[in-house]
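J.: how does the following fold in three dimensions:
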Amino acid sequence: MAIGVDIEDISRFKDKTEGFIKRVFTDLEQEYCCKFSKPESHFAARFCAKEAVIKALSALNVKNVQLNEIEVFHNENQCPQIRILKKLDKNIDFQLSMSHDRSKAIAFVTAEEQ
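T.: Residues are numbered from 1 along each chain as shown. Predicted coordinates:
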């Protein structure tokens, strides 16, 4: 099992360009975040999740997964989940926890080969 964690200042995501948002976040993530009055909090949490996934994958010797190839979505119980949008050589199960307050967002990921 491998872990990854990331923490970010939400203010960094307040005035991001549309180009940055489209480059980093999937359409599904953009749609989810933009339905809130403060989408920057949700973008920051998802960015943290993506960075944490990359760290965990690196520990499993999985390289070359880009931020926009990692998607955060919610399952039927509204729990956040990770989906990798490219074929990996390994079957990996992820667990994700995200949180944010007024100024910070954080995500913690575990990754385990199946």
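J.: run through the strands of the chain in chain order.
T.: Under the criterion DSSP state E, the chain contains strands at 2-9, 70-74, 80-84, 92-100, 104-113.
J.: and the last one, what other elements does it pack with?
T.: Which is strand 104-113. Taking 3 or more CB pairs under 8 Å, 6 or more residues apart in numbering; DSSP states H and E as the contact definition, the neighbouring helices and strands of strand 104-113 are strand 2-9, helix 39-59, strand 92-100. (C-beta placed from N, C-alpha, C; glycine too.)
J.: include distance to Ala107 and mean pLDDT when you put these into a markdown table, please.
T.: Formatted as a markdown table, the helices and strands packed on strand 104-113 follow (distance: least, CB to CB, whole Å; pLDDT from 0 to 100):
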| stretch | distance to Ala107 | mean pLDDT |
| --- | --- | --- |
| strand 2-9 | 6 | 98 |
| helix 39-59 | 4 | 97 |
| strand 92-100 | 4 | 97 |
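J.: any chance of the strands of the chain in JSON lines, with mean neighbour count and distance to Asp15 too?
T.: Listed next are the strands of the chain as JSON lines, based on neighbours: other CB atoms under 10 Å; distance: least, CB to CB, whole Å:
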{"stretch": "strand 2-9", "mean neighbour count": "17", "distance to Asp15": "13"}
{"stretch": "strand 70-74", "mean neighbour count": "19", "distance to Asp15": "21"}
{"stretch": "strand 80-84", "mean neighbour count": "16", "distance to Asp15": "25"}
{"stretch": "strand 92-100", "mean neighbour count": "17", "distance to Asp15": "17"}
{"stretch": "strand 104-113", "mean neighbour count": "19", "distance to Asp15": "16"}
